[in-house]
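Engineer: Provide a 3D model corresponding to the input given below.
(one chain, ligands or ions: 1)
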Amino acid sequence: MAGTPVASWRCRWCAGAEGTVVLDLGEQPAADVFPPVGTADAEARYPLRMVLCAGCGLAQLEDDPTEADEPRGVEPAALVAQAREAVADLAAAELAEPGASAAEFPSPHGGSWSGLLAAHGLTVLDDGGAVDGVPADLVVDSLGMMHDPDQRAALAARADRLTRDGVLALHVHPLGTILRTSAWNALRHGHYAYYSVSWLVRAARDVGFVPVGLWRYSLYGGTVVLALARAGSRPAERGAGTAALAALRDVLDEEDAAGVTNPRSVGRLQDAVTRTATALRSWLDDHRAEGVVGYGAASRAVSLLAVAGATGADMIAVVDASPAKEGLSMPGTRGSDGTARVPIVDPSALTVLRPRWVVLFVPDLLDEVRRQYPEVEASGGRWVVAEPTPVVVGPDPIRTR
Ligand SMILES: [Zn+2]
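Structural biologist: The predicted structure follows:
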């Protein structure tokens, strides 16, 4: 239950044993095991809980009994755009200079900054973030570090890759954004850490690093790139410019006001679970007879559908552009009464199915999918943004309620 202290647990950063369960999603299927469509058995479910460490304040996955193997997703245009902006920001702050070397730690979320860094004249050391590789002047990590169960080792590996005056640029979806947008379904097996910028700054200081600047992006409701450098190094003395330092102060102030290390404040995510899932449940009850298709077989859709108890009776299919998910089905969508699973189909199905409703689980894709699949609206269908409560996009000539 949320709000209770955890038993027999160790923090992934400070090894402290005291923490509070701030979000409890009960038993959830593994978000990255997509069963083949015809699978008759219900898949195994595992406890899924977020714990806030009382010692260091890191919000983290309590335990991961699954063998997380996050499939590489299709890279949304919004993520590509963020990468372009971030590399330009680092270059403008003279942290990504022509002739410097760069190394990138990979992430299953897709999206590499390497090509962009090379285009800015940096030499990219192409070793997939190997721990003992050649030191780099710039080490970048976009949504990668949260996948490491050992957070102390993960930060050390990135810091160790840096030259003496090197800069580590971390792109994260911060806890402050998760709280502000009630994005409880950011919690999933395989994502071990839910960083606040305050925590990242403190953890960095623990290992001799200081923040030199921060940049904010509109992706996923608000992501940030935090630049860190060794205390006493050239970039640490110089900083990344007034704007980047002001943005850092702003985010730290906002996090302070939001209470990102306060279990009671973070625990408000639990209320959002019921709110979002109930809203989707009743929307599906009202509209399923008209033909509902989902879009985006992302992990956030898996937990949302599972908590809302959605099955093949509610949704004809979930469309996803990743070929790796074809012929599979959404985890946890087989009804306890044997109702069929929700199959995952490729986008060409939109033309065939001509659904009345397409429920979008990845809001950042909205502009992209509306442009890419005009046939949805041309044939009288409507896009619906699923969270926090289903909202129909664009004009709706047909009265449905
Ligand atoms: Zn801790």
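Engineer: domain assignment for the chain?
Structural biologist: 77-263, 281-392 (automatic domain parsing).
Engineer: what's the distance between the longest one and the middle of its chain?
Structural biologist: Yep, that's domain 77-263 we're talking about. With C-alpha atoms, centre = their mean, to the nearest Å as the basis, domain 77-263 stands 14 Å off its chain's centre.
Engineer: so where do the helices sit in the stretch 51-200 of the chain?
Structural biologist: Assigned by DSSP state H, counting those that start in this stretch, the helices in the stretch 51-200 of the chain fall at 77-92, 114-119, 151-160, 175-180, 197-206.
Engineer: likewise the stretch 301-401 of the chain?
Structural biologist: In the stretch 301-401 of the chain, the helices defined using DSSP H, counting those that start in this stretch lie at 349-353, 366-372, 374-378.
Engineer: Could you dump those into CSV and include distance to Gly16?
Structural biologist: To be clear about C-beta, it is placed using only N, CA and C from the backbone, and glycine gets the same treatment. What follows is the helices of the stretch 301-401 of the chain, written out as CSV (distance: least, C-beta to C-beta, whole Å):
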stretch, distance to Gly16
helix 349-353, 49
helix 366-372, 41
helix 374-378, 50
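Engineer: out of those helices, nearest to the ion?
Structural biologist: Closest approach to the ion among the helices of the stretch 301-401 of the chain (C-beta to the ion): helix 366-372, 36.8 Å.
Engineer: was I right about Leu58 contacting Cys11?
Structural biologist: Yes: counting by C-beta atoms under 8 Å, Cys11 is a contact partner of Leu58 at 6.4 Å.
Engineer: I'd like the distance between the residue nearest to the spatial centre of the chain and the ion.
Structural biologist: By C-alpha atoms, centre = their mean, the mean C-alpha position of the chain lies nearest to Ala186, the distance being 5.6 Å. Ala186 sits at a distance of 19 Å from the ion (criterion: C-beta to the ion, to the nearest Å).
Engineer: Tell me who's in contact with that residue.
Structural biologist: For Ala186, the contact set (C-beta atoms under 8 Å, 6 or more residues apart in numbering) comprises 173, 178, 194, 300.
Engineer: Excluding its own residues, what touches the helix or strand the last one falls within? List them.
Structural biologist: Per DSSP states H and E: Arg300 is located in helix 299-308. Contacts of helix 299-308 from elsewhere in the structure, counted by C-beta under 8 Å, 6+ apart, are 25, 28-29, 31-32, 48, 70, 183, 185-188, 190-191, 273, 276-278, 280-281, 284, 294, 315, 318, 330-333, 342, 361-362, 386-387.
Engineer: before we move on, back to that, could I get the pLDDT score of the residue nearest to the centre of the chain?
Structural biologist: pLDDT recorded at Ala186 is 92.
Engineer: near the ion, anything from stretch 43-57?
Structural biologist: Yes: using C-beta under 5 Å from the ion, we find that stretch 43-57 touches the ion at 53, 55-56.
Engineer: Please point out which parts of that stretch sit buried.
Structural biologist: 43, 48-54, 56-57 (16 or more other C-beta atoms under 10 Å).
Engineer: so how far is Ala88 from the residue of the stretch 201-350 of the chain at minimum distance from the ion?
Structural biologist: In the stretch 201-350 of the chain, the residue that lies nearest the ion is Ala203 (9.2 Å; C-beta to the ion). According to C-beta to C-beta, to the nearest Å, Ala203 and Ala88 sit 27 Å apart.
Engineer: can you list the residues of the protein near the ion?
Structural biologist: 11, 13-14, 16, 53, 55-56, 58.
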